[in-house]
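1. can you look at this prediction? I've put the sequence above it.
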Amino acid sequence: MALSTSSNFAKPDDAFRAIVEAHRGLNDEQSADLDAALVLILANHIGDLDVLKEAIALAARRMLDASQQQQQQ
Amino acid sequence: MALTKTQFGYRRHSDQDRAGANVAEHPIVVVGAGPVGLSLAIDLAQRGQAVVLLDDADRIGEGSRAICFSKRSLEFWDRLGIGQRMVDKGVVWSVGKIFHGDSQLYQFNLLPEEGHKRPAFINLQQFYAEAYLVDRVEELPEIDLRWRNKVTGLEPHNDHVVLTIQTPDGPYRLAAQYVVACDGARSSLRQMVGAEFAGQVFEDQFLIADVKMTAAFPTERWFWFDPPFHAGRSALLHKQPDDIWRIDLQLNRFADPAVEKLPENVRPRIARMLGHDKFDFEWISLYKFQCRRMNKFIHGRVIFAGDAAHQVSPFGARGANSGLEDAENLAWKLDRVLRGISPEALLESYHIERSAAADENIRESTRSTDFMAPNSHQEARLRKAVLSLARETEFGKRMVNAGRLSTPSIYETPLSTADSDSWRGGPRPGASMPDAPVAGRSGEPMYLTDAFIRAGTGFTLLEFSNGAAPELPERLGNIRVGGNGGLADSAGLAASRYNAEPGTAYLLRPDGYIAARFRRPTRAALDAALARAAGHN
């Protein structure tokens, strides 16, 4: 199974909103804790190491892009 | 300790009287009389090989050092005739508990099924294991154990090695067709062959204390993350024979070893852990560790085994047990090569199989160590999330890593014959043989591992009878389950653990690993699998 990057939620705004609201009222430290737990829960739900690694690679590309942009500035 | 002999005398050997180039020649010299060198020498001797075993000391080392010996190690020691003695003295355990803060997160059972001769683990001080091994060595005239013989020089040749050995009577030289270096993590032979020993150094310090107390603690492995008596760190409590308890405390990176080691500093911490201070110290040691291995376990005619070849962190009982697996893997191969019935290339499979096992052990123990001592703020955060999820979820419990305990590797090896039949379970080629309860001819209860020992020290065919008696190649040991005169498998556990039907056969290597398996073996297929497993490819 490959990582699905097509839109899977009927209402993507609701999903984004749910995550945003979970962080409301939390400080940065608490938010990071919440995200760590959420990542582990969702990773286990996916239950496929190849998909997880693809997802990590896709996410990590943002770090790469950010550092390239910094270098260009 | 009173009945266990740990002090031995140096004795001059006639090899030392030889002058100049007229050095004594031996087929095998094993260097280092620790658990690995002793076990290897016994296995070789039982196969009829003469072994010279050298050790630079004249006594068995103090402190309990290795304490957890695995089922696989006990099965190996059964073949060496000393398994029962180890089990009788050892503390049998299979349950572990993991605590976080002041409450239990979960518990596990390493051997949840019945019908195995040996438990998942016993705890036994290394000096007992060594003393029992030395007793066994003394029963075997093939082994020439020389104490206070320190190897100081190594001269490699194409087909032999010349060693220079220092003794209380001065130096002498000895030639060997093969030298096996079992001389531990600080192996001097490794330096003599100029091999690198690179890997990861861990900054965290751990304090090990063996304390004596007569307390009603259960015989279990208890591990704490962030316990109230040792805030922010981890702790381990484990029972050994003679009312000795092993305590392992993680210290911070900057702790001063000299200060931490002082009994007056250790005592209050352990008193809080145990809930009382009625204990005495037997041994306190502070350590850091490394995970590393040699690139090549074989350097010409010098072969490395145990800590000399690879080192792991102690969490997972992968040090001594993996060294013993090295010994059982090497002994039969070296024996066959020396007899000329297998090509020297068979030894290369020792490096292939055991270096892959070392990589697995290093990977597993590094993961455990990183979980116990997170390397960054974010790693600590992820660990905190896992520990917290473990309270509510099964997947969280499974992610908590307080040491993944040693299990035998499954070898990806040129000695295996790939499956050509279809299997829905059972050990695949490269795996070690599972045990199962069976009954002998007169109904006496026994185990498959017993039958394996009785079948001899060579290759063995384990067959599940279908009435027909297959034509077996010569010198192939035989275990027959079911049928006339076969072992009775009344509980059906042998058949189910081997996914067997009538006619199924497993070809077992002399170390008890699966070389090949067949639904209906033909003579040609068996011959081919045997040749491959013996290195004739």
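-> Right, received. Where do you want to start?
2. all helices of chain A, in order?
-> A:12-23, A:28-46, A:49-72 (DSSP state H).
3. could you tell me which ranges of the stretch 401-537 of chain B sit under the pLDDT cut-off?
-> Along the stretch 401-537 of chain B, segments meeting pLDDT under 70 span B:469-470.
4. re the thing from before, highest mean neighbour count out of the helices of chain A?
-> Ranked by mean neighbour count, the helices of chain A are led by helix A:28-46 with a mean of 15 (mean count of other Cβ atoms under 10 Å in any protein chain shown). All C-beta spots, glycine's among them, are computed from the backbone N, C-alpha and C.
5. residues contacting that one, please?
-> Residues from elsewhere that reach helix A:28-46 (Cβ atoms under 8 Å, 6 or more residues apart in numbering or on different chains): A:19, A:22-23, A:26, A:52, A:55, B:378, B:381-382, B:384-386, B:388-389, B:393, B:395-396, B:399.
6. pipe the helices of chain A into a markdown table and attach distance to B:Tyr172 and mean pLDDT per row.
-> Shown next, in a markdown table, are the helices of chain A (distance: least, Cβ to Cβ, whole Å; pLDDT from 0 to 100):
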| stretch | distance to B:Tyr172 | mean pLDDT |
| --- | --- | --- |
| helix A:12-23 | 75 | 98 |
| helix A:28-46 | 62 | 98 |
| helix A:49-72 | 57 | 86 |
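7. chain B contacts on chain A?
-> Residues of chain A lying close to chain B (Cβ under 8 Å from any Cβ of the partner chain) are A:32-33, A:36-37, A:39-41, A:44.
8. what subset of the contacts of helix A:28-46 is buried?
-> Buried by 16 or more other Cβ atoms under 10 Å in any protein chain shown: A:52, A:55, B:381-382, B:384-386, B:388-389, B:396, B:399, out of those.
9. let's see which of the residues you listed end up in helices.
-> Per DSSP H, the buried ones among the contacts of helix A:28-46 map to helices at A:52, A:55, B:381-382, B:384-386, B:388-389, B:396, B:399.
10. any chance of TSV for those residues, columns distance to B:Ile479?
-> Output for those, formatted as TSV (distance: Cβ to Cβ, whole Å):
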residue	distance to B:Ile479
A:Leu52	43
A:Ala55	49
B:Arg381	53
B:Leu382	48
B:Lys384	51
B:Ala385	49
B:Val386	44
B:Ser388	50
B:Leu389	46
B:Gly396	43
B:Met399	40
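11. nearest to B:Lys5, of these?
-> Of all these, B:Met399 has the smallest distance to B:Lys5: 46.1 Å, by Cβ to Cβ.
12. ok, which stretches of the stretch 251-400 of chain B are strands?
-> B:280-287, B:290-293, B:298-299, B:302-304, B:310-311 (DSSP state E, counting those that start in this stretch).
13. nearest to B:Phe452, of those strands?
-> Going by Cβ to Cβ, the one of these nearest B:Phe452 is strand B:302-304, 25.2 Å.
14. B:Ala505 reaches B:Glu463, doesn't it?
-> Yes: between B:Ala505 and B:Glu463 there is a contact under Cβ atoms under 8 Å: 4.4 Å.
15. closest to the centroid, which residue in chain A?
-> A:Ala59 (6.8 Å; Cα atoms, centre = their mean).
16. so how far is chain B from that residue?
-> A:Ala59 sits 14 Å away from chain B, going by Cβ to the nearest Cβ, to the nearest Å.
17. for A:Ser6, same thing?
-> From A:Ser6 to chain B the distance is 27 Å (Cβ to the nearest Cβ).
18. what sits against that residue?
-> Contacts of A:Ser6 (Cβ under 8 Å, 6+ apart): none.
19. which single residue of the stretch 151-300 of chain B ends up nearest chain A?
-> B:Asp226 (15.3 Å; Cβ to the nearest Cβ).
20. ok, how many other residues are close to that residue?
-> 17 (other Cβ atoms under 10 Å in any protein chain shown).
21. please enumerate the helices of the stretch 51-200 of chain B.
-> Secondary structure of the stretch 51-200 of chain B by DSSP state H, counting those that start in this stretch: the helices cover B:71-79, B:83-89, B:126-138, B:188-192.
22. quick one, which of the ones you listed gets closest to B:Leu415.
-> Using Cβ to Cβ, the nearest of the helices of the stretch 51-200 of chain B to B:Leu415 is helix B:71-79, at 18.1 Å.
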